[in-house]
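Visitor: build me a model from this:
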Amino acid sequence: MTSREMRALLKRNHVGRLGFSFHDRVEIRPVHYVYSDNWLFGRTSPSEKLVTLKHNQWVAFQVDEVSGPFDWKSVLAHGSFYHLTENGTPHHREARAEALRLIREFLPEALRDADPVPSRTELFGIAIDSLSGRSASSA
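Guide: Take a look at the predicted model:
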């Protein structure tokens with residue numbers, strides 16, 4: 001897949017899988033996200049994964065489009081995970097504001113009274129270092 005095709009796939013989808021490791025264990029978690037300018041932004045619930053990612057910020061993030069067993073596209077991003085808190089550095093606060101703006105374009109109720117998943121209070125960003133993509137077609 002070309003760089004343009006990979007970025008287009010990331011932009012039109014909103015569910016991916018976050019992969020990270022700590023010690024000898026690898027975890028993969030599904031998360032909602034938005035893509036913009038070489039960043040993936042999302043939100044999650046407070047959990048041990050945030051503690052783990054504070055110690056090892058290197059992550060993989062995969063998004064797939066599947067229309068059949070021999071018709072699919074997949075993009076894998078590698079990058080650095082940042083927990084975007086309100087009391088972080090000025091750069092992180094700026095990234096947090098951008099993340100919330102973009103997430104609300106996708107889900108206007110996010111972090112408001114009518115939020116359909118009010119437990120997802122923690123915002124994050126992934127600065128993409130590299131992208132790779134594969135696809136298959138039965139045609």
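
Visitor: who's in contact with stretch 80-97?
Guide: Applying CB atoms under 8 Å, 6 or more residues apart in numbering, the contact partners of stretch 80-97 are 18, 20, 39, 41, 50, 53-54, 57-59, 99, 122-127, 129. For every residue, glycine as well, the C-beta is placed using N, CA and C.

Visitor: what about 7 Å?
Guide: Stretch 80-97 has contacts (CB atoms under 7 Å, 6 or more residues apart in numbering) with 50, 53-54, 57-59, 99, 122-127, 129.

Visitor: repeat that for stretch 36-56.
Guide: With CB under 7 Å, 6+ apart, stretch 36-56 has contacts from 20-22, 27, 29, 31-34, 61, 77, 81, 83, 99, 102-103, 110, 119-128.

Visitor: let's see which of these end up in strands.
Guide: Counting by DSSP state E, the contacts of stretch 36-56 place 20-22, 27, 29, 31-34, 61, 77, 81, 83, 122-128 in strands.

Visitor: ok so, going back, among the contacts of stretch 80-97, name the buried ones.
Guide: Listed as buried from the contacts of stretch 80-97 are 53, 59, 99, 122, 123, 124, 125, 126; burial here means 16 or more other CB atoms under 10 Å.

Visitor: can you show me the helices along this protein?
Guide: Under the criterion DSSP state H, helices of the chain are mapped to 3-12, 48-55, 90-106.

Visitor: which of the buried ones among the contacts of stretch 80-97 sits closest to residue 4?
Guide: Among those, residue 126 lies closest to residue 4 (CB to CB), at 19.8 Å.

Visitor: got a list of what the closest one touches?
Guide: Counting by CB under 7 Å, 6+ apart, residue 126 makes contact with 39, 40, 59, 61, 77, 79, 80, 81.

Visitor: tell me the spacing between it and residue 109.
Guide: Note on residue 126: its distance to residue 109, by CB to CB, to the nearest Å, is 23 Å.

Visitor: check the offset of stretch 53-64 from the chain's centre.
Guide: Taking CA atoms, centre = their mean, to the nearest Å, the mean C-alpha location of stretch 53-64 is offset from the chain mean by 8 Å.
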